[in-house]
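S.K.: Here is a sequence with its predicted model. Questions after.
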Amino acid sequence: MSRLVMKFGGTSVANIERIRNVARHVKREVDAGHEVAVVVSAMSGKTNELVAWCTEASPMHDAREYDAVVASGEQVTSGLLAIALQGMGIQARSWQGWQIPIKTSDAHASARIEDIDGTEIIKRFRERKEVAVIAGFQGIEPKTGRITTLGRGGSDTSAVAIAAAVKADRCDIYTDVDGVYTTDPRIVPKAKRLDKIAFEDMLELASQGAKVLQVRSVELGMVRNMPIFVRSSFDKPEDIDPHANQPPGTLICSEEEIMESHVVTGIAFSKDEAQISVRQIEDKPGVAASIFGPLADANINVDMIVQNVSEDGKTTDLTFTVPAADYTRAKDTITAAKAKIGYARLDTATDVAKISVIGSGMRSHAGVAAQAFSALAGRNINIRAITTSEIKFSVLIDTAYTELAVRTLHTLYGLDQA
């Protein structure tokens, strides 16, 4: 017998029929003798509706009351799933974040989990064989006793944190896809599902645009060494053998558990990028700080940074990217600081995309990035900026060439046959 945490996203619990389908997945694992905790998101579209109501009530609403409103979506789902399970003859009880409790920081709407007490849930596993149905995405700030929420995708983080707290053997993330692919199959039909992927590779894929998992959940899984299994909730529950070594899906685990890793694991892309170039700045100490300091104060994340120095060494150009959603604020922030920075011109672009090539195997293989540069040049794709790290490199290109670039690199690194 093992202990599992099963997490179901919004599309998996979008209506009563799908909630019944989720209940059958849970029943399968219970009947197999497993101790089970379930973490659920709000029904698909419900969180957006609740957020819209808050904005309609007051555009400048109190973040604490915002959390009280938007956390209600998961409360409804957890109660409905508990009812469905009870109707199938399974001992089940719903839990809100504050009841466990899931203790968080006081950053409302983007709180971070600080501690979870899994004692009562474990006790009920043993004494009552009871399934815990837990509302994801939420917790409690212990000093004030106020409800907090973890930000978009926070149910994934809830699930991994709860799995660690109850000492689960694995955390299963059920979603609308059947695993993690080498890239987006909608862009590259030859993309392959990975049986296993290392935490580090998955963290890079998630942070560079892959939408399968929330970044913080992968980070938490890596820190706590909690295996995460990504699988589809739309597979028929009765067609899955709960005793199988690995049903269809992708296991995210430590690198040591992967016998043979490819040089390149996958390719991620993001079209939600904007480029800003600050031209002809005096090349002296403190210039970078004068640009990136105000951006940091405005809570704007900067990603790719490229610096070019003029031939005479007197001036420099700084080019960087920001999320498209922050483009206007970033541009206004730099413009407001023009007197302090002392630049001659500001050039911007929003028609850019970032392509990232990821793989732990890069550590021991030279020339991986150079191959990509040659292949992209062969397709007449111009590279605007480049950043590299130990297991990843990213290039910034024109948005129009996104799909061509992804397909070209997917084939280049043999992922079509992965």
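M.R.: Happy to help now that I have it. Numbers count the residues shown, from 1 in each chain.
S.K.: what about Gly73, which helix or strand?
M.R.: When elements are defined using DSSP states H and E, Gly73 is found to belong to helix 72-87.
S.K.: average pLDDT across that helix?
M.R.: The pLDDT scores in helix 72-87 average 98.
S.K.: and what of stretch 291-300?
M.R.: 92.
S.K.: which parts of it are buried?
M.R.: Neighbour counts over stretch 291-300 (16 or more other Cβ atoms under 10 Å) mark 291-292, 294-295, 300 as buried. C-beta coordinates here come from the backbone N, C-alpha and C atoms, glycine included.
S.K.: Which ones among those residues map onto helices?
M.R.: Of the positions in these, 291-292, 294-295 sit in helices, assigned by DSSP state H.
S.K.: pLDDT score for Ile19?
M.R.: For Ile19, the model assigns a pLDDT of 97.
S.K.: so which helix or strand takes in it?
M.R.: helix 16-31.
S.K.: what are the pairing partners of the helix or strand just after that helix, and which direction each?
M.R.: Sequence order places strand 35-40 as the next helix or strand after helix 16-31, per DSSP H and E. Here strand 35-40 is paired, per DSSP bridges, with strand 3-8 (parallel), strand 131-135 (parallel).
S.K.: can you list the weak-confidence ranges in the stretch 251-400 of the chain?
M.R.: For the stretch 251-400 of the chain, applying pLDDT under 70 flags the ranges 259-261, 310-312.
S.K.: And the helices in it?
M.R.: Secondary structure of the stretch 251-400 of the chain by DSSP state H, counting those that start in this stretch: the helices cover 287-297, 327-336, 338-341, 368-378.
S.K.: buried set for stretch 209-218?
M.R.: Judged by neighbour count (16+ other Cβ under 10 Å), stretch 209-218 contains these buried residues: 209-210, 212-218.
S.K.: In helices, which of those appear?
M.R.: Among those, DSSP H puts 215-218 in helices.
S.K.: Dump these to CSV, plus distance to Leu376 and pLDDT.
M.R.: As requested, those are exported to CSV (distance: Cβ to Cβ, whole Å; pLDDT from 0 to 100):
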residue, distance to Leu376, pLDDT
Val215, 26, 89
Arg216, 32, 91
Ser217, 32, 94
Val218, 28, 94
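S.K.: Could I get the contacting residues of the nearest residue to Ala84 once chain neighbours are set aside?
M.R.: Excluding the flanking residues, the one nearest Ala84 by Cβ to Cβ, 6 or more residues apart in numbering is Ala23, at 4.1 Å. Taking Cβ atoms under 8 Å, 6 or more residues apart in numbering as the criterion, Ala23 is in contact with 81, 84-85, 87-88, 90.
S.K.: circling back to that earlier point, tell me how far the helix holding Ile19 lies from the chain's centre.
M.R.: Here helix 16-31 is found 25 Å from its chain centre; the criterion is Cα atoms, centre = their mean, to the nearest Å.
S.K.: And stretch 355-372, by the same measure?
M.R.: With Cα atoms, centre = their mean, you get 22 Å for stretch 355-372.
S.K.: How about stretch 324-341?
M.R.: Relative to the chain's own centre, stretch 324-341 is displaced by 27 Å; criterion: Cα atoms, centre = their mean.
S.K.: So what would you say the end-to-end distance of it is?
M.R.: This stretch, stretch 324-341, spans 23 Å end to end (Cα to Cα, to the nearest Å).
S.K.: Relative to Arg363, how far out is Asp176?
M.R.: 33 Å (Cβ to Cβ, to the nearest Å).
S.K.: the more surrounded of these two?
M.R.: Each of Asp176 and Arg363 has its neighbours counted (other Cβ atoms under 10 Å); Asp176 has more, 14 against 10.
S.K.: Name the residues of the helix holding Gly73 that come out as buried.
M.R.: For helix 72-87, the buried set under the neighbour-count rule, 16+ other Cβ under 10 Å, comprises 72-82, 84-85.
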